[in-house]
Every structure is written in C-alpha cells, then in structure tokens.
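1. Build me a structure from this.
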Amino acid sequence: MAVELKILAWSCVLLMVHIFAAAHFKTRQYGPKWNVGARDEALPPLEPLAGRLVRAQANFLETYPIAIVALLGIVIAGRASEWTAIGGWLWLGARSVYLPLYAAGVPMIRTMVYLASLVGLILVLQALIG
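-> So this is what the prediction gives:
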C-alpha cells in the first residue's frame, strides 16, 4: 500500500481526535442534555479551552480537503515518491502537534508548526502538479 494512503488513514484518526476533543469539552460545559438534544437554544460563549479546540478543528478542516486531494491524487497518478511521503508525513506530524499547541494557547510556535504543515502539503502538491 502506498504510504500516502497510510497518511490519509492516520489523518482520519486525527480528525476524529479533533472532533471528540472539541465535543468532550463542549459537552462538559453545556451538559449531556445539550449533546443529545437538537441544540436549538442560544448558548453562552465557550470556555477558553473548548473554544480553542473548536477553532483548531475548524483550522484543520480548512486544509484537510487539500491534503486529501493531494495525497489521493499522488497515488492515483502514480507519482508517489520519497518526497511525497516526506511531505505527507510532515503535514500529518505538524497537524498532530498543532492540536495540543492550540489547546494550550501557545501562540508563535503554533503558527510555525502550521507553516511546517503547509510546507508538507506543498511538497506533495509540487509532485502532483509538476
């Protein structure tokens, strides 16, 4: 199996971590009734940690479609290489580190890790486009 597909599989696990982390802290704040309800009522703002986890999830989802298309495209086009694997692992590793950094409220380093994830995506896209 192409390593890029493994990266995609692990990225699905990371997406589930994002979803469940945000949901856990939202449920802790708003309660289990809110979690299983229709969620129609107006709610107070999220506490800082829950808010950061929700924003980290949204940030992940902004670039996730690009990663999916790039990594699948590499496999479909038969253009997988050592560089696309490095780019994919760099993207996934950086995105994995980004979540706890965002949750902890670490500013500058979090941005640098985000930029590293973009470098990883660019390595993959370069091979697909070039």
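2. any chance you could map the helices in the chain?
-> Ranges of helices in the chain, per DSSP state H, are 3-30, 32-36, 48-76, 82-104, 108-129.
3. Out of the ones you listed, which gets the lowest mean score?
-> Lowest mean pLDDT within the helices of the chain: helix 32-36, a mean of 92.
4. hmm, who's touching that one?
-> 23, 26-27, 41, 43 (C-beta atoms under 8 Å, 6 or more residues apart in numbering). Just so you know, the C-beta spots here come from the backbone N, C-alpha and C atoms, and that holds for glycine as well.
5. what two of those residues are the furthest from one another?
-> Ala23 and Glu41 (17.2 Å; C-beta to C-beta).
6. Between the two, which has more neighbouring residues?
-> It is Ala23, of Ala23 and Glu41, that has more neighbours when counted by other C-beta atoms under 10 Å, with 15 against 8.
7. Quick check: closest non-adjacent residue to the more buried one.
-> Nearest non-adjacent residue to Ala23, counting by C-beta to C-beta, 6 or more residues apart in numbering: Asn35, 7.3 Å away.
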